[in-house]
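Participant: prediction below, plus the sequence it came from.
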Amino acid sequence: MRHLLSSADLSRDDVRMLLATAAEMHEIQRRDVKKLPTLRGRTVINLFFEDSTRTRSSFEIAGKWMSADTINITGKGSSTSKGESLRDTVLTIDAMSVDCLVMRHMASGAAHQVSQWVDASVVNAGDGTHEHPTQALLDAYTMEQRLGSLEGRRVAIVGDLTHSRVFRSNAITLRTLGADVTLVAPPTLMPSGIRSWAERDGLHLSDDLDAVLADGPDAVMMLRVQRERMSGGFFPTPREYTVGFGLTRERLRALTDANPEAVICHPGPMNRGLEISADAADAASSLVLDQVSAGVAVRMAVLYHLLAGEEVTS
Ligand code: NCD
């Protein structure tokens, strides 16, 4: 594996290997002294053109705990704000002989494009509304920790599908692992082309969250309403969105009644009171902070397989 650009590039064996490595890395995370020599002498650049708390810091921590030299560059503080093109920026960084570029960009396909320009390995840490493969890996890892194998498990992904790269990568990885996936959104936030994808890959579609919850899914993944990506009115008012598609206290109760073991995920950042209530975010069944913790372990696993010379199968 030279790059990690799309969840679709990972076979079931690849995912299994990455999650197994992540489990080993998670052990290290629980030690007092969290330092491995594995990536000594390797340089990882986090190049982030969009805001990020979790993803950027967890890649940085992951690199540091494996002794890589990690450097963060953000769009605002880089020469792109002086008019430099993305190509010139990444060629400049690549000319410093770095080993890995972890990249977040507002354009779908940016990481893929950059991977064709540079010698370094490229990790897609979110490209526009397209994909976010390490998020899907950490979500699968977190759900497996609580639920065991995801084969045949029912996962509902709920909310702003149109603007969500998290949903695209998750739907792919969850299907790779054999989960049964239902996508829930108001018709205005169902992405175009979703029907043919759903038919091809066996995804279920619904615009009735109450009916989906009453069915007792094993996991419910709430997505952030991505207002920064919305140009027009995708729903009448925030209040109406919550009434139709928020995981409110009442819906949390309905979910728990239907399946007492059901877990709740959210990639963060959460809009409390909009797509998820405080009751749901802070419930014992909420895995939100477990996802963050797993994020470091999974990113250690990804950097390890890309940079330490260990081959993933494809
Ligand atoms: C997500 C992202 O940036 O795609 N956040 C994350 O990486 N944890 C989801 C979001 O912004 O809603």
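Facilitator: Alright, I've got the coordinates.
Participant: and the longest helix for the chain?
Facilitator: Counting by DSSP state H, the longest helix found in the chain is helix 288-307.
Participant: for that one, C-alpha coordinates in PDB please.
Facilitator: Output of helix 288-307 as PDB, limited to C-alpha atoms (Å, rounded to 0.1, in the frame of the first residue of the first chain):
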ATOM      1  CA  VAL A 288     -18.100   9.500  20.700                       C
ATOM      2  CA  LEU A 289     -15.000   9.700  22.900                       C
ATOM      3  CA  ASP A 290     -14.100   6.000  22.100                       C
ATOM      4  CA  GLN A 291     -14.000   7.000  18.500                       C
ATOM      5  CA  VAL A 292     -11.600   9.800  19.300                       C
ATOM      6  CA  SER A 293      -9.400   7.400  21.200                       C
ATOM      7  CA  ALA A 294      -9.500   4.900  18.400                       C
ATOM      8  CA  GLY A 295      -8.600   7.600  16.000                       C
ATOM      9  CA  VAL A 296      -5.000   7.800  17.300                       C
ATOM     10  CA  ALA A 297      -4.500   4.000  17.200                       C
ATOM     11  CA  VAL A 298      -6.000   3.600  13.700                       C
ATOM     12  CA  ARG A 299      -3.800   6.400  12.300                       C
ATOM     13  CA  MET A 300      -0.700   4.800  13.900                       C
ATOM     14  CA  ALA A 301      -1.700   1.600  12.100                       C
ATOM     15  CA  VAL A 302      -2.100   3.400   8.800                       C
ATOM     16  CA  LEU A 303       1.200   5.300   9.100                       C
ATOM     17  CA  TYR A 304       2.900   2.100  10.200                       C
ATOM     18  CA  HIS A 305       1.700   0.100   7.100                       C
ATOM     19  CA  LEU A 306       2.500   3.000   4.800                       C
ATOM     20  CA  LEU A 307       5.900   3.900   6.100                       C
END
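Participant: in it, what's buried?
Facilitator: Residues of helix 288-307 classed as buried by neighbour count (16 or more other C-beta atoms under 10 Å): 288, 290-307. Every residue, glycine included, has its C-beta placed from N, CA and C.
Participant: next: stretch 175-195.
Facilitator: So stretch 175-195, judged by 16+ other C-beta under 10 Å, has buried residues 175-177, 179-186, 189-191, 194.
Participant: what's the end-to-end length of stretch 91-104?
Facilitator: End-to-end span of stretch 91-104 (C-alpha to C-alpha, to the nearest Å): 16 Å.
Participant: that one close to the ligand?
Facilitator: No - residues of stretch 91-104 contacting the ligand under C-beta under 6 Å from any ligand atom: none, with a closest distance of 7.4 Å.
Participant: which single residue of the stretch 151-300 of the chain ends up nearest the ligand?
Facilitator: Residue nearest to the ligand within the stretch 151-300 of the chain: residue 224 (3.3 Å; C-beta to the nearest ligand atom).
Participant: which ones among the buried residues of stretch 175-195 lie within helices?
Facilitator: 175-176, 194.
Participant: alright, that wraps it up for me.
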